[in-house]
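**Q** I need the structure of the sequence given here:
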Amino acid sequence: MNLFADIRETVLAALAQMEAEGALPAGLATAAVAVEPPRDAAHGDMATNAAMVLAKPAGMKPRDIAEALAAALVDDPRIQSADVAGPGFLNLRLDPTVWQGVVAKALGDPSFGRSTLGQGRKVMVEYVSANPTGPLHVGHTRGAVFGDALASLLDYAGWDVTREYYINDGGAQVDVLARSAFERYREACGQAPEIVEGLYPGDYLVPVGEAMKAKWGDTLLGQDEQVWLADVREFATAQMMDLIRADLDALNVQMDSFYSEKSLYGTGRIESAIEELDKRGLIYRGTLEPPKGKVPEDWEPREQVLFKSTEHGDDVDRPVAKSDGSWTYFAPDIAYHYDKVSRGFDALIDVFGADHGGYVKRMKAAVSALSDSKVPLDIKLTQLVKLWKNGEPFKMSKRAGNFVTLRDVVDQVGADVTRFHMLTRKNDAPLDFDFDKVTEQSKDNPVFYVQYANARVHSVLRKAADAGMDISDTALGGADLSLIAHEAELTLAKNIAQWPRLIEIAAKGNEPHRIAFYLYDLASDFHALWNRGNDDPSLRFLADGDAEATKAASLAKIALIRATSVVISQGLSILGVTPVEEMR
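**A** Sure, this is the predicted structure:
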C-alpha cells in the first residue's frame, strides 16, 4: 500500500476524465506527474505538479488546469481539500480516516511497505571483495554494511538478490601473503622470522604459521621458495578467507556466494571475454597517449592490446594486455563481469572503496559492451571512515599491523551499533565514527533514539497486557481508530504512511541510508507524542480508568504506536539491526 501512488492514480484518473470531457487536449504524456509531500507541511498532506508539467503541452495556463483538477479531486471522499498555490501547484489535504486506515493496514498487512518495484528481476550485489591477505579493516566494514543493507533493501522492494564476494586471489599480493605466512611458519618452528619491508607484519599470521607447522611439521624449512610457494599460497589464502568469513559473521553479513579470481586464470575465461569484445570490434592494438598529470599503473609507452571503452562512455581506451602479452589488472575484471552477465542477471551493482573511483567508467563500459547495453551496472563508492575515541583518533590495531580492523570496531560497540551508524551518512560522504557518541544514550545518537522508541512501545504493550488488554495486532487493527484524531497522533500516522513510498525511493536510488534517516524522523515523531502525553493526559497511551470509552481510546492509541513499532522493526531489519524491546 503506497498511499502516494494511490493518490497519484486518482490524479491521473481525474486528468483522463478531463481529457474525455474536452477540458484538456487528448494524448497528454503524464509520466512526469508526481504526488509528493509538500515542502512545507503547513501547506497540506500532499502536493501534485500535474498542472505545471501539462500546461505547456496543453497550451493552457497552469492555474486553469490546477483549478479544474482541484474541482475534480474533491469529489473523492479521501480528499478533504485541494488548493491551488503559486503558479499552479495543487496542495491536497486528506481526510483523517485515510491516516487512520494506514494504521490498520500496517497492523493487518504483513506486506505493508514491501514493493513490487523489482518485479522479481535478478540483481547481483557484489561487495566487500577485499584482498585475502588479512582481516577486514574499518573501510571494508563500511562497504560490507552498505552492500548488505542495499541487498536487503532491494529484496524488500521486489528484486531477486544475490550477494557475492569476489576473492582477489589471482594477483601478486597472494604471493606476498605466502611469503609472510612462511616467516610465521619459521617462527612456529623456533626460528626468528624475517619480516622484511614489503611483507605483511600483522600478528594475525601467527596462527597461520602454527597451522602450517601442524600440517607440514618442519619439512618446509630450508626448501627453495619454488618448492613451497604454491602450496603455502593456497593454504594461507584459505586461512585468510576463514578469518574474513568470521569477520563478516561478526557483523551479521552472510554472502550467497564467493567467486575466486584465480578461477579465471588458465581456464580460458579471460580469453573468452576478450574474444567477445573482439567480435564486437572493440579490441585493437595501439599505443595510448601519455596521460596528463599522474601516470596510471597500466600505461605503457608502447603498443598494447586495447579495449575501445570510449565507445561505451569511458574517457580513454583501456589496456587489457601488456606489451609482453600478460594480462592487465583490468582483464580479469572484464572476465568476471562477463561471467555475471552470462549468469543472467538483469542488473549489477558493485560496491567499491573510494580509492577505486578510477575504475567506474571502464567497468561500466565493459558491462555495457558485453551486454549490448542491456544490463545496467551501478557502482557505489564508499568514502573513508575516521575513528575517534576520547576526543582523539583511534589508534591502529597491533594485531593487524597497520590498520583498525572490523573486529576492533564490533568488539567495542557491537554489530547493531556499527551497522546503523555506518548508514547515517550517504555512502559517498566521509563518515566520523566516534566510539563515545555512538554509545551515548541521547537524541544525538540515532541508533539509540530509534531503538529507544521501539523499546518504549513494547513497554506500553507489556503494561497493557498486564492490565488484561488484548494487544494482538488483530485486536488492535479492529480498534476504533477514529479516536486517533489529535494533530500529534495524525502526524505520526502520516509518517507511517511515508514508509512504502520511502522504500521505493531508496530502492530506485540504491540508497539504504535513507532508511536510517527515515527511522530517526519516525522515532522523533513518536518521542514527541510521548512527551506531549506527559503534559496532556488525553494523549497518554494508557489512560487511567475502567470506562469503556477510556479503554477504547487506549486501544486506538496503542494501535498507533504498535504500527510505529512494526515499521521501525522492518526498517531496522533491512539495515541488519536487531530491534530491541527493552533497553538495558
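
**Q** Residue 171 and residue 564: what is the separation?
**A** Residue 171 sits 50 Å away from residue 564, going by CB to CB, to the nearest Å. Where you see a C-beta, it was placed from the backbone N, CA and C, and this is true even at glycine.

**Q** Where does pLDDT dip in this structure?
**A** Scanning the chain for pLDDT under 70 picks out 291-299, 396-402, 545-547.

**Q** tell me the centre residue of it?
**A** The centroid of the chain falls nearest to residue 150 when counting by CA atoms, centre = their mean (2.7 Å).

**Q** Show the contacting residues for the nearest residue to that one once chain neighbours are set aside.
**A** In this structure, residue 150 finds its nearest non-sequential neighbour in residue 512, 4.9 Å apart by CB to CB, 6 or more residues apart in numbering. Contact analysis of residue 512 by CB atoms under 8 Å, 6 or more residues apart in numbering lists 146, 149, 150, 152, 153, 423, 506, 574, 575.

**Q** Let's see that with 6 Å instead.
**A** Contacts of residue 512 were listed using CB atoms under 6 Å, 6 or more residues apart in numbering, and they are 149, 150, 153, 423.

**Q** from these, which is closest to residue 357?
**A** Lowest distance from residue 357 to these (CB to CB) belongs to residue 150, with 18.3 Å.

**Q** what's the spacing between that closest one and residue 73?
**A** Distance from residue 150 to residue 73, by CB to CB: 37 Å.

**Q** Next: residue 341.
**A** Residue 341 is 46 Å from residue 73, by CB to CB.

**Q** now residue 412
**A** For residue 412, the distance to residue 73 (CB to CB) stands at 54 Å.

**Q** between these two, which one's more packed in?
**A** Per other CB atoms under 10 Å, whichever of residue 412 and residue 73 has more neighbours is residue 73, with 21 against 17.

**Q** Surely the more buried one touches residue 82?
**A** Yes. At 4.7 Å, residue 73 counts as touching residue 82 under the criterion of CB atoms under 6 Å.

**Q** Assign a three-state SS to the nearest residue to residue 446 once chain neighbours are set aside, would you?
**A** Nearest non-adjacent residue to residue 446, counting by CB to CB, 6+ apart: residue 520, 4.9 Å away. At residue 520 the chain is in helix, as set by DSSP: H, G, I helix; E, B strand; the rest coil.

**Q** Please state the offset of the helix or strand hosting residue 530 from the chain centre?
**A** Using DSSP states H and E, residue 530 sits within helix 513-535. In terms of CA atoms, centre = their mean, to the nearest Å, the centre of helix 513-535 is found 22 Å from the chain centre.

**Q** Would you mark the buried spots in it?
**A** 513-520, 522-526, 529-530, 532-533 (16 or more other CB atoms under 10 Å).

**Q** ok, now stretch 312-328?
**A** Under 16+ other CB under 10 Å, the buried positions of stretch 312-328 are 312, 314, 317, 318, 319, 320, 321, 327, 328.

**Q** Other residues contacting stretch 305-315?
**A** Residues from elsewhere that reach stretch 305-315 (CB under 6 Å, 6+ apart): 277, 282, 284-286, 317-321, 361-362, 365, 368-369.

**Q** Dump it to CSV, keeping only the CA atoms.
**A** Extracted in CSV, the C-alpha atoms of stretch 305-315 (Å, rounded to 0.1, in the frame of the first residue of the first chain):
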residue,chain,number,x,y,z
VAL,A,305,46.1,-4.7,-26.7
LEU,A,306,43.4,-2.0,-26.0
PHE,A,307,39.6,-2.1,-25.4
LYS,A,308,37.6,0.7,-27.2
SER,A,309,35.9,1.7,-23.9
THR,A,310,35.4,5.2,-25.2
GLU,A,311,32.6,3.8,-27.4
HIS,A,312,30.7,3.0,-24.2
GLY,A,313,31.2,6.2,-22.3
ASP,A,314,34.8,6.0,-21.0
ASP,A,315,37.3,8.9,-21.2
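
**Q** returning to what we had before: tell me if I'm right that the residue nearest to residue 446 and residue 448 touch.
**A** No. Contact criterion CB under 6 Å: residue 520 and residue 448 do not qualify, at 10.5 Å.

**Q** if I pick residue 173, what's in contact with it?
**A** With the criterion set at CB under 6 Å, 6+ apart, residue 173 makes contact with 131, 133.

**Q** how about a cut-off of 10 Å?
**A** Residue 173 sits next to 131, 132, 133, 200 when contact means CB atoms under 10 Å, 6 or more residues apart in numbering.

**Q** again, but for residue 176
**A** 131, 133, 198, 199, 200, 233.

**Q** pretty sure the last one contacts residue 171?
**A** No. Applying CB atoms under 10 Å, one finds residue 233 not in contact with residue 171, separated by 11.2 Å.

**Q** quick one: contacts for residue 180?
**A** 133-134, 193, 195-196, 198-202, 205, 208-209, 232, 236, 401.

**Q** Of those, which pair is most distant in space?
**A** Comparing all pairs in the contacts of residue 180 by CB to CB, the longest separation belongs to 232 and 401, at 19.1 Å.

**Q** Those two: which has the busier surroundings?
**A** Legend: neighbour count by other CB under 10 Å for residue 232 and residue 401, higher for residue 232 (25 against 19).

**Q** contacting residues around the more buried one?
**A** 174-175, 177-182, 185, 208, 212, 215-216, 220, 225 are the contacts of residue 232 under CB under 10 Å, 6+ apart.

**Q** Please name the nearest non-neighbouring residue to residue 494.
**A** According to CB to CB, 6+ apart, the nearest residue to residue 494 is residue 99 (5.7 Å).

**Q** helix/strand/coil for the one you found?
**A** Under three-state DSSP, residue 99 falls in the helix class.

**Q** go on, residue 290?
**A** coil.

**Q** Am I right that it is in contact with residue 301?
**A** Yes. Using CB under 10 Å, residue 290 makes contact with residue 301 at a distance of 6.7 Å.

**Q** Would you state the helices of the stretch 1-150 of the chain in chain order?
**A** 3-20, 50-58, 62-73, 96-108, 138-156 (DSSP state H, counting those that start in this stretch).

**Q** For the longest one, list the C-alpha coordinates in CSV.
**A** The C-alpha trace of helix 138-156 is given here as CSV (Å, rounded to 0.1, in the frame of the first residue of the first chain):
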residue,chain,number,x,y,z
VAL,A,138,37.2,-0.4,9.0
GLY,A,139,37.0,0.7,5.4
HIS,A,140,35.8,-2.8,4.5
THR,A,141,33.3,-2.5,7.3
ARG,A,142,31.5,0.4,5.7
GLY,A,143,31.4,-1.3,2.4
ALA,A,144,30.1,-4.5,4.0
VAL,A,145,27.3,-2.7,5.9
PHE,A,146,26.3,-0.6,2.9
GLY,A,147,26.3,-3.5,0.5
ASP,A,148,24.4,-5.8,2.8
ALA,A,149,21.8,-3.2,3.6
LEU,A,150,21.4,-2.4,0.0
ALA,A,151,20.9,-6.1,-0.9
SER,A,152,18.2,-6.3,1.9
LEU,A,153,16.5,-3.1,0.6
LEU,A,154,16.3,-4.4,-2.9
ASP,A,155,15.0,-7.8,-1.7
TYR,A,156,12.3,-5.9,0.2
